[in-house]
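*Asks:* Provide a 3D model corresponding to the input given below.
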Amino acid sequence: MLTIIKNSFVISVLTLPVLTGCFTQSHSGDLRDKGSKMSSSQNLNLVASANSVENAYANNIVWAVNFGGNKYQALSGVTFESDQLSHKFLLGNVDNILGSQDPTLYQTYIEGNISINHAVDNGTYDVTFLFAEPEDIATGERIFDVNINDEKVLSAIDIRGMRDGKAFSALDKTVNNINVDNGNLFIDLVPIKGSPVLSGIIVRSHDENTKQWQLVWQDEFDYEGQPDPTKWSFDEWPARKVNDEDQVYTSREKNVRVDGRKLIIEAHKEPYDNGEYTSARIHTLGKADLLYGKIDVKAKLPAGRGTWAAIWMLPSDPFRYATSCQAGADWQGSSTCDAWPNSGEIDIMEHVGFDMHNVHGTVHNKAYYWINWEQRKGAINARSADQEFHVYSVEWSPQQIVVLMDGTPYFSYSNEQTGWRAWPFDHPYHLILNLAIGGMWGRAGGPIDDSIFPVRMEIDYVRMYTNR
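*Replies:* Numbering: from 1, shown residues only. Got it, this is the predicted structure:
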């Protein structure tokens with residue numbers, strides 16, 4: 001989410017012994033049919049082994065290239081080849097790039113009617129495109145589609161518009177599950193207005209995750225009624241408390257309940273407590289606080305202009321790196337308390353209804369967030385997000401945070417070893433599930449469409465893992 005929104009209750013975190021070694025037990029697949037069920041009465045402080053969380057972002061790379069530039073070793077761990085295709089296109093260079101830990105990748109680019117044919121083995125692939133708008137042109141002046149193997153996979157790419165209206169900012173877009181059966185990957189950037197540009201590309205083999213994790217906390221929602229109170233707590237807030245959001249958050253079963261083996265967070269258009277909409281927000285603070293490890297949330301997202309669904313994490317001690325306020329302060333939405341962004345935020349999944357085909361992963365911290373136009377984020381194409389369940393995940397180690405959808409890594413943020421301003425992700429966080437209505441981002445595509453209500457986000461399961 002764009003700004004802080006959470007309960008100000010502070011817990012004392014008991015640090016468990018950190019164990020080293022390999023991943024053990026319980027693969028992170030579907031456990032429901034195996035009858036696995038963790039105790040519902042545990043209040044857990046979960047710590048993964050610090051040194052054995054693999055770098056999912058750099059795995060399974062079959063081709064990565066820095067267009068217009070030299071060989072480059074990215075902070076994410078991906079090695080980009082030097083460009084051997086530049087002679088076919090116009091070359092460009094821009095001095096300064098915002099919004100990436102690897103600005104060098106985006107400083108060089110190719111431009112024109114870009115068509116690339118790259119030989120690969122037959123199989124299934126995930127493709128990440130690296131863009132940056134190199135000119136100070138208006139939103140809408142450079143628009144293009146992206147085709148892979150003669151199928152449109154990205155529509156109406158407007159780099160500046162997709163980077164909050166700012167030029168010279170990195171934009172990463174991932175497409176997953178591309179099938180190749182003729183030994184070639186054909187990529188075409190088709191101009192709609194202006195001339196397409198491309199800075200880099202990453203092609204991964206879409207292999208099944210073979211890493212072994214230890215399941216340490218879960219909710220399979222195999223009960224009825226309100227969410228298990230030993231695992232979840234409610235936030236009950238008025239409208240406009242944060243992010244200029246329009247909904248009132250309640251704990252009513254009308255807004256949040258378990259029904260049909262699914263957690264349902266449902267928003268309604270109704271007058272309530274001086275608001276016009278109601279919804280819900282629940283969290284695991286003090287009941288499951290995680291330091292490093294993995295989280296999987298299998299969810300189906302709402303559709304409709306005005307929805308803003310999120311699966312995300314905030315620090316369990318929000319005052320750890322605060323400099324202008326102390327424990328007990330009312331810091332959520334505060335303009336004077338810097339608990340946010342100083343102590344960090346990890347967004348596993350955000351989705352706004354006016355932009356149905358994109359799911360976003362983001363981190364926020366003092367060094368890099370939207371206020372200085374240095375936001376670190378990535379997006380993945382998700383055309384069926386409101387029709388099908390997808391697994392939204394984070395893998396978090398002391399070195400790196402990787403965000404995934406259905407096992408495809410599409411956003412990576414690395415520890416720069418420069419201190420808490422860039423890496424406040426060294427202390428326990430808790431999980432939050434919420435469906436906002438409107439707000440600064442939810443209304444960015446136009447006014448709320450009142451015809452969509454009631455509208456819901458459904459959660460099939462939530463699972464937390466360590467590698468101990």
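*Asks:* Please report how far the closest residue to residue 283 other than its chain neighbours lies from residue 447.
*Replies:* Distances taken as Cβ to Cβ, 6 or more residues apart in numbering place residue 432 nearest to residue 283, at 4.5 Å, with adjacent residues excluded. Using the backbone N, CA and C atoms, a C-beta is placed for each residue, glycine as well. From residue 432 across to residue 447, the span is 26 Å (Cβ to Cβ, to the nearest Å).
*Asks:* One more: residue 73?
*Replies:* The separation that residue 73 has from residue 447, given Cβ to Cβ, amounts to 46 Å.
*Asks:* ok but residue 215 is inside a helix, no?
*Replies:* No. Per DSSP: H, G, I helix; E, B strand; the rest coil, residue 215 lies outside any helix segment and is strand.
*Asks:* Tell me the pLDDT of it.
*Replies:* We have a pLDDT of 95 for residue 215.
*Asks:* Show the average pLDDT along stretch 124-133.
*Replies:* pLDDT averaged over stretch 124-133 gives 98.
*Asks:* What residues sit buried inside it?
*Replies:* Across stretch 124-133, burial judged by 16 or more other Cβ atoms under 10 Å covers 125-133.
*Asks:* cool, and stretch 177-195?
*Replies:* 178, 180, 185, 187-189.
*Asks:* what's the spacing between the nearest residue to residue 68 once chain neighbours are set aside and residue 137?
*Replies:* Among residues not flanking residue 68 along the chain, residue 108 sits closest, at 3.4 Å (Cβ to Cβ, 6+ apart). Here the criterion is Cβ to Cβ. By it, residue 108 lies 19 Å from residue 137.
*Asks:* more neighbours, the two?
*Replies:* Neighbours per residue (other Cβ atoms under 10 Å) separate residue 108 from residue 137, with residue 108 holding more: 22 against 13.
*Asks:* contacting residues for that one?
*Replies:* By Cβ atoms under 8 Å, 6 or more residues apart in numbering, the contact set of residue 108 is 66-69, 83, 91-93, 199.
*Asks:* Likewise for residue 90?
*Replies:* 110-112, 195.
*Asks:* hmm, try it at 10 Å
*Replies:* By Cβ atoms under 10 Å, 6 or more residues apart in numbering, the residues touching residue 90 are 68, 109-112, 114, 195, 197.
*Asks:* swap in residue 278?
*Replies:* 239, 247-250, 252, 254-255, 266-272, 437, 453-454.
*Asks:* Confirm it sits in a helix?
*Replies:* No. Applying three-state DSSP, one finds residue 278 to be strand, outside a helix.
*Asks:* And it, how far from residue 437?
*Replies:* On the measure of Cβ to Cβ, residue 278 and residue 437 end up 9 Å apart.
*Asks:* who touches both of the two?
*Replies:* With Cβ under 10 Å, 6+ apart, residue 278 and residue 437 have common neighbours 239, 247-248, 267-269, 453.
*Asks:* Show me the two of those that sit farthest apart.
*Replies:* Farthest pair in the shared contacts of residue 278 and residue 437 (Cβ to Cβ) is 239 and 453. Separation: 15.1 Å.
*Asks:* do you know how far the nearest residue in space to residue 111 that is not next to it in sequence is from residue 200?
*Replies:* Excluding the flanking residues, the one nearest residue 111 by Cβ to Cβ, 6+ apart is residue 90, at 4.3 Å. Going from residue 90 to residue 200 by Cβ to Cβ gives 16 Å.
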